[in-house]
Every structure is written in C-alpha cells, then in structure tokens.
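Participant: Any chance you could fold what I've pasted below:
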Amino acid sequence: MRDHSIPTIDIIELCLLAGKLMLQNGAETYRVEDTMTRIAASFGIHHSHSYVIPTGIIFSIDGLEPSKLIRISERSTDLEKVTLVNNISRRISGGELSHEQAMMELKELEKANLFFPAWVQISAAAISSACFLIMFDGKWHDFFPALVTGGVGFSCFLYLHYLVKIKFFSEFSASLIIGFMAFLFVTSGLGHEIDKIIIGSVMPLVPGLLITNAVRDLMAGHLVSGLSKGAEAFLTAFAIGSGIAVIFAFY
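Facilitator: Below you'll find the model as predicted:
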C-alpha cells in the first residue's frame, strides 16, 4: 500500500540519490534502474519509469508529479559504495528502513570517502604489474623493473588526475612515463624484455570495469549506455596506446 504520509517528490528524490551514487561509482545501467524501481515500489509507487545514461538520470512516475533529471558529471570506480546502496535498497524493501532513515544513510554515504589511501593503491598497482608480467610469460629477472615501473606510472596517473580532471591526459601521460621507464630499465641492463615490462605495467590503467559494463549493458538492451561506455573504454585504450607509441617512435 502507498504511504501517503510521505510526499511523492521525496520518494523521487530518494530514488534519484540512490541511482546517482550507484552510477557515479561504476554500477551497470540495468542495476541502477532496477534499484530505483524497487525503492519506489517499496513505498507504494509501482508505476515508475527511469532512463539512465552514463551522464544523467531521468526518473518519473505515473500521475501529476513532474519528471526529474539529475546530472552525473564525475564518475569513478568504487564498488563498495555500489554494494552499500544495494544493501540499503534491500533493507528498504524488507521494511527495515523508513524514508527518513534511508535518506540519511544515503547522504552520509555520498559524503564518505571509501577509497583506499593513495599509498595502498600505488602498492597494489606495483605488485599487480609485476604479477601480470609473470602471467604474460615474462621472466623473473624483469619482476622488479615491472614492479617499479607500474608503481611509478600509477602514482603519476593519480597525481595528474588530481591536478587535471581530464582522464585522457592523465592516462596518456602515465603510459608515456611507463614506456620511458621501461626503456631506461632495458637500456641500463636491469630489464630484458621491454614489451613484457610495458604490458604488465599498463594493466592497472586498463579499463576492465568499463569494458565489462559496456558489454553487459549492450546484452541487456541498453544500447546508448553500452555504446557510450564502450567509447569511453576505447578512448582510455587509445590514450594508453598513444603514450607507449610515442616512446617507441623516439627510441
């Protein structure tokens, strides 16, 4: 039954906030739409409509209430936030959370910074780069060069993205540095296979989640979202490849 004590516009705001948090942090389009629909249904609104693309959400219900649009200007990857929003949605559906409690928890989650510290991200990128080198049939004597190159490259990516909010530029610059460091390691004799060092070191920059979500959205019939995420993944791959290509062109 519909709880008429809660204004319809407040329910719409709650659904939009949940959808915004999920979309900003790497959720698939179908998951965002499903979560918003379930939250609305939990408060008695069974005829809601949503249109989600990577840069915005339109949400409306049958009746006199106007449709609302929310703009998504920044996107990152934080699957923990996606999981927490899903958990809040399930608790709403189970009757464990009121509208006010759910809105308060979502607003607190919006302000929360759940990212690992920069040194943890850089350390993980360095270790994964070295492990990717071994996985791609590299030799153990290139383990340390890949570890250093991957860590330095990812730290440059984080720093440049902090200074300039243009992802293409930071990815291109990071891959440029990775290619240059791999070349230095090989020419100094500390590294042996420059291709394996580069491949392992750029793997932390590869847009794996974007590619996965693009394919998943296309399979689910969300063609606009799937194509736009695929284009974003292509630009990232192009930036990485261009940075490495510049180094090979000069050396």
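
Participant: Measure how far the helix or strand containing Ser170 is from the centre of its chain, please.
Facilitator: In this assignment (DSSP states H and E), Ser170 forms part of helix 167-188. Relative to its parent chain, helix 167-188 has a centroid offset of 23 Å by C-alpha atoms, centre = their mean, to the nearest Å.

Participant: Taking the centroid of this protein, which residue is nearest it?
Facilitator: For the chain, the residue sitting closest to the mean C-alpha position, by C-alpha atoms, centre = their mean, is Thr77 at 2.7 Å.

Participant: pLDDT score assigned to the residue nearest to it when sequence neighbours are not counted?
Facilitator: Of all residues not flanking Thr77 in the chain, Gly26 sits nearest, at 4.3 Å (C-beta to C-beta, 6 or more residues apart in numbering). Placement of C-beta: from N, CA and C, glycine included. Here the pLDDT value assigned to Gly26 is 85.

Participant: Which stretches in the chain count as helices?
Facilitator: Under the criterion DSSP state H, helices of the chain are mapped to 8-24, 29-42, 79-93, 99-111, 118-135, 143-163, 167-188, 194-202, 208-219, 223-250.

Participant: Ser155 reaches Ile122, doesn't it?
Facilitator: Yes: here Ser155 reaches Ile122: they are 4.8 Å apart, a contact under C-beta atoms under 8 Å.

Participant: I figured Thr183 was touching Ile247, is that so?
Facilitator: Just so we're on the same page, residue 183 is Phe rather than Thr. Yes: if you go by C-beta under 8 Å, Phe183 and Ile247 touch, sitting 6.0 Å apart.

Participant: which one is Ser93 nearest to, not counting chain neighbours?
Facilitator: Ser42 (4.8 Å).

Participant: next one: Phe154
Facilitator: Closest to Phe154 by C-beta to C-beta, 6+ apart is Ala125, at 3.6 Å.

Participant: and the one you found, how far is that from Phe143?
Facilitator: With distances taken as C-beta to C-beta, to the nearest Å, Ala125 is found 15 Å from Phe143.

Participant: Among the two, which residue is more densely surrounded?
Facilitator: The residue with more neighbours, out of Ala125 and Phe143, is Ala125; 23 against 18, by other C-beta atoms under 10 Å.

Participant: Now do the contacts for that one.
Facilitator: Neighbouring residues of Ala125 by C-beta atoms under 8 Å, 6 or more residues apart in numbering: Gly150, Gly151, Gly153, Phe154, Ser155, Pro204.

Participant: Recalculate using a threshold of 6 Å.
Facilitator: The neighbours of Ala125, taking C-beta atoms under 6 Å, 6 or more residues apart in numbering as the test, are Gly150, Phe154, Pro204.
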